[in-house]
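S.K.: I would like to see how this sequence folds:
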Amino acid sequence: MIPSIEARQLSFRYADGREALRDVDITVTSGSKVGIVGPNGAGKSTLLLQLNGILTGNGEIRIGGTVLSRKNLATIRSQVGLVFQDPDDQLFSPTVYDDVAYGPLYMGLSRSEVNERVNSALGAVGMLEHASRAPHSMSVGEKKLIAVATVLSMKPAILAFDEPTAGLDARGRRRIIEVIGGLTQTVLVATHDLPLVRQILERTIVLDQGRVVADGATSELLADAGLLARHGLE
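M.R.: Numbers count the residues shown, from 1 in each chain. The predicted model follows:
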């Protein structure tokens, strides 16, 4: 089976000279759920942003066996859906329906297919009855669910989440964890929320100072108190 994601010698340096990733090698198999954890500045978000070419550094990325390059960027981005930490970065339309329909419409799909995708995506996150609401009037938790739906409507093979539970109350956190746990696609979650990782992600990658310092079964890594302490995790 061709891995969903392969990264080889992946490095990235920001314009101010800060080196965010250093020779990162990872392979993620299709359908797996992987947590990416580490202290602030470890490179978690930078790694996610490289998976569909929002950021471009050195090294090689393959998505479903296809090398990420400028010429196939549109194809890669259709396969890797990013859900940002701040849902307002993804919601800009007057209604929830319009936001979730935007991607499929941009793909040139028929109105009936767009409608099917919108209903399916909103149903998957439990927000179908909110299709006519204005996103700006919704709670943070509701906005995060709609942001997930905007990605699901594109039917990507991979979903990458950046701090999905940040800023949520207990109910909102529980709902987003349930949604992520129920996904059948390949899932990557960059987070500080170790209970989330323990609950729904079978594999964990620990980043620190831009390097992979541990990679293995979540149950084993999160039971290693020394490892967690060395890399600013609790």
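
S.K.: any chance you could map the helices in this protein?
M.R.: 44-50, 73-79, 96-106, 111-124, 140-152, 170-181, 194-200, 218-221, 225-230 (DSSP state H).

S.K.: Next, the buried residues of the shortest one.
M.R.: Think helix 218-221. With burial defined by 16 or more other C-beta atoms under 10 Å, the residues of helix 218-221 counted as buried are 218, 221. Every residue, glycine included, has its C-beta placed from N, CA and C.

S.K.: Output it as CSV, nothing but the C-alphas.
M.R.: Provided in CSV are the C-alpha atoms of helix 218-221 (Å, rounded to 0.1, in the frame of the first residue of the first chain):
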residue,chain,number,x,y,z
THR,A,218,0.6,6.8,21.7
SER,A,219,0.0,4.5,24.7
GLU,A,220,3.8,4.0,25.0
LEU,A,221,5.0,7.5,24.4
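
S.K.: what are the phi and psi angles of the closest residue to residue 94 other than its chain neighbours?
M.R.: Among residues not flanking residue 94 along the chain, residue 134 sits closest, at 6.2 Å (C-beta to C-beta, 6 or more residues apart in numbering). Note on residue 134: backbone dihedrals following degrees, to the nearest 10 are phi -90, psi 120.

S.K.: quick one, what contacts the residue nearest to the spatial centre of the chain?
M.R.: Most central in the chain under C-alpha atoms, centre = their mean is residue 160, positioned 1.5 Å from the mean C-alpha point. Going by C-beta atoms under 8 Å, 6 or more residues apart in numbering, residue 160 touches 48, 51, 80, 81, 82, 83, 187, 188, 189, 190.

S.K.: So which of these is the closest to residue 149?
M.R.: Minimum distance to residue 149 across those is 9.8 Å, recorded for residue 83 (C-beta to C-beta).
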